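**Student:** structure, please.
(one chain, ligands or ions: 2)
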Amino acid sequence: MITIAAIATPPAQGGIAVIRISGEDALNVAERVFSPASGKPISEMRGYTAAYGTIRDKGTRLDDGVLLVYRTPHSYTGENVAEISCHGGVFIAKRVLSACFSAGAVPAQAGEFTKRAMLNGKLSLTQAEAVADIIGAQNEQFLMCSEAQREGALHRRIKAVSDEILSIVTLIQAWIDYPDEMEDEFDGNLEAGKLKAAENELSRLISSCGEGQMLRDGIPTAIVGRPNVGKSTLMNLLTGTERSIVTDIEGTTRDIVEETVMLGGIMLRLADCAGIRDTSDVVEGIGVERMLKKLAEASVVLAVFDSSRELSDDDERLIARLDPAKTVCVINKTDLNEKADVSRLSGKFPHTVRISAKDEASINAIADAVAELSGIGSLDLTTGFIANERQRLCACEARDLVTQAREALETGMTLDAVGILCENALDKLYELSGEKASDTVIDSVFKRFCVGK
Ligand SMILES: Nc1nc2c(ncn2[C@@H]2O[C@H](COP(=O)(O)OP(=O)(O)OP(=O)(O)O)[C@@H](O)[C@H]2O)c(=O)[nH]1
Ligand SMILES: [Mg+2]
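**Tutor:** Ligands and ions are numbered 1, 2, ... in the order given. Okay, the predicted model is just below:
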């Protein structure tokens, strides 16, 4: 393939910048740009070796640097690769890159190095997608999951399902083509059982998509309660900033205040909302409407109650709206004398904490309750998960086709019909893993990448 080059490091000042060259002619391009101080020709350098030397553009000395040589197939792309490290300036890196272009390379497209790795069989499409996720990861858990994906966790699970379906298709085809030569009876129940197992595995994978998304983007979390219970004080405690305005005036927070925080290793997208109450104030009314929308969208709700005051009608209206399965009931202001019927709250909500939002020690109690409620702390996504909408749609279509194939088998439809449904399901699984993905699908995946990756 034609030799491509790009700057692989970010376009900013730093210690070093790396210019990556890949393709059949990569080492020749490097030879024209880079002169090892040892005088040894680059063509004689073995793979995984480095040389210190001078970087030139048609005889003009640009910089000193280090050249790393990878030889096909033992490189990221599977092709010959040369990586030149120069001083980390934006201008010098661009100059070295343009020297590579003068020496015969062409500019790499976004994600083209990884795309070549996939086309050369180094990665499946789902593993390539994991590379983009690793680059974008913003927390430890999602990074761990994405590393497992890159190592092939999802690919292996998809392959196990597609291999099973392929064996069913092959058996059906044999029965259609050579019915007289088959030794055993065709066991429809046995094959339907295998299809059911494939369906279940695909359903498990599809449900892992939501968990993966929460790990990547953070859990949408709404802080709700009637005015003055301490929602904004709690927001500020969890963010470690004075993000929300706190006063003893009811109705202080009117619009949604949002912030992303890490709490006990879990990423939360917090939304501090206006207090819920009946109000004739137009602005506050809009705030309450927005709060109700956030409440509906949230996966975790921190419902705050003031223990120093009796539960009011507004508290009761809120309680009626809450889903105990996604609510942490936060009984606040426990540093004051207790007046609220807190046993009613703890009886209603299995996840209840008693805190003072003015006390830093309360952070741990909230973190533990959120981890327990979301179950995310105990998730093992290193076993592979559906990481994006493209994968989810393929998995859903494949699962529905497997269901149809099983039902066709159980209701006595012809083996031909069952076989076609299984083949269609296989196509969807091959599209998921990239084995049969169209150029359009592949191009849209690599558009997410940066140039140089
Ligand atoms: N004693 C005590 N006071 C608290 C505690 N938490 C909050 N407060 C006080 O309660 C008052 C209201 O706090 P906010 O955080 O503004 O309450 P809010 O729920 O955001 O109120 P709105 O924005 O009006 O809906 C402030 O004076 C806080 O200092 C607590 O744990 N103990
Ligand atoms: Mg507030």
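
**Student:** helices or strands up against the host helix or strand of residue 365?
**Tutor:** Residue 365 is located in helix 362-374, with elements delineated by DSSP states H and E. Here helix 362-374 touches strand 219-224, helix 231-239, strand 257-263, strand 266-272, strand 300-306, strand 327-332, strand 352-354, going by 3 or more CB pairs under 8 Å, 6 or more residues apart in numbering; DSSP states H and E. For glycine as for every other residue, the C-beta is placed from the backbone atoms N, C-alpha and C.

**Student:** hmm, the second one touching ligand 2?
**Tutor:** Yes: applying CB under 5 Å from the ion, one finds helix 231-239 in contact with ligand 2 at 231, 232.

**Student:** once you drop chain neighbours, what's closest to residue 367?
**Tutor:** Nearest residue to residue 367 in three dimensions, chain neighbours excluded: residue 264, at 3.3 Å (CB to CB, 6 or more residues apart in numbering).

**Student:** how many other residues sit next to the one you found?
**Tutor:** 14 (other CB atoms under 10 Å).

**Student:** and what of the one 5 residues further on?
**Tutor:** The burial metric for residue 269, expressed as a neighbour count using other CB under 10 Å, is 18.

**Student:** identify the residues contacting it.
**Tutor:** If you count contacts by CB atoms under 8 Å, 6 or more residues apart in numbering, residue 269 has them with 217, 218, 219, 220, 221, 258, 259, 260.

**Student:** and the last one, what is it in contact with?
**Tutor:** Just to be clear, that refers to residue 260. For residue 260, the contact set (CB under 8 Å, 6+ apart) comprises 218, 267, 268, 269, 270.

**Student:** give me the beta-bridge partners of it?
**Tutor:** residue 269 (DSSP bridges).

**Student:** roughly how far is the longest helix belonging to the chain from the heart of the chain?
**Tutor:** Longest helix of the chain, by residue count under DSSP state H: helix 188-217. For helix 188-217, the distance from its own C-alpha centre to the chain's C-alpha centre is 18 Å (CA atoms, centre = their mean, to the nearest Å).

**Student:** could you do stretch 134-150 as well?
**Tutor:** 7 Å.

**Student:** who's in contact with it?
**Tutor:** 123, 126-127, 129-131, 133, 212, 215-216, 218, 262, 265-267, 376, 381-385, 387, 449-450, 453.

**Student:** buried subset of these?
**Tutor:** 123, 126-127, 129-131, 133, 212, 215-216, 218, 266-267, 376, 381, 384-385, 387, 449, 453 (16 or more other CB atoms under 10 Å).

**Student:** give me the subset of those touching ligand 1.
**Tutor:** Filtering these for proximity to ligand 1 by CB under 6 Å from any ligand atom leaves nothing.

**Student:** what helix or strand is residue 144 located in?
**Tutor:** helix 140-150.

**Student:** next secondary structure element downstream of that helix?
**Tutor:** Assigned by DSSP H and E, the successor of helix 140-150 is helix 153-177.

**Student:** list the buried residues in that following helix.
**Tutor:** Buried, per 16+ other CB under 10 Å, within helix 153-177: 153-155, 157-159, 161-162, 164-166, 168-169, 171-172.

**Student:** kindly report the same for stretch 327-337.
**Tutor:** Buried, per 16+ other CB under 10 Å, within stretch 327-337: 327, 328, 329, 330, 331, 332, 333, 334.

**Student:** okay if I get those as a markdown table plus distance to ligand 1 and pLDDT?
**Tutor:** What follows is the buried residues of stretch 327-337, written out as a markdown table (distance: CB to the nearest ligand atom, whole Å; pLDDT from 0 to 100):
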| residue | distance to ligand 1 | pLDDT |
| --- | --- | --- |
| 327 | 16 | 97 |
| 328 | 15 | 97 |
| 329 | 15 | 98 |
| 330 | 10 | 98 |
| 331 | 10 | 98 |
| 332 | 5 | 98 |
| 333 | 4 | 98 |
| 334 | 7 | 97 |
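
**Student:** nearest to ligand 2, of those residues?
**Tutor:** Using CB to the ion, residue 332 is the member of the buried residues of stretch 327-337 that lies nearest ligand 2, at 12.0 Å.

**Student:** and the closest one, what does it touch?
**Tutor:** Taking CB under 8 Å, 6+ apart, one finds 229, 230, 233, 234, 304, 305, 306, 307, 355, 356, 357 in contact with residue 332.

**Student:** who wins for neighbours among the residues you listed?
**Tutor:** Most crowded among the contacts of residue 332, counting by other CB under 10 Å, is residue 229 at 31 neighbours.

**Student:** make sure that residue is indeed in a helix.
**Tutor:** No: with DSSP: H, G, I helix; E, B strand; the rest coil as the criterion, residue 229 is coil rather than part of a helix.

**Student:** from residue 306, how far off is it?
**Tutor:** 4 Å (CB to CB, to the nearest Å).

**Student:** show me the common contact partners of these two, please.
**Tutor:** Jointly contacting residue 229 and residue 306 under the rule CB under 8 Å, 6+ apart are 332, 333.

**Student:** around ligand 1, pick out the residues from this protein.
**Tutor:** 225, 227-233, 246-248, 250-253, 275, 332-333, 335-336, 356-358.

**Student:** swap in 5 Å and give it another go.
**Tutor:** 227-233, 246, 248, 251-253, 275, 332-333, 356-358 (CB under 5 Å from any ligand atom).

**Student:** show the secondary-structure elements that the longest strand along the chain is packed against.
**Tutor:** Longest among the strand segments of the chain by residue count, using DSSP state E, is strand 60-70. The contact analysis (3+ CB pairs under 8 Å, 6+ apart) places strand 60-70 against helix 26-33, strand 34-36, strand 49-57, strand 81-87, helix 90-102.
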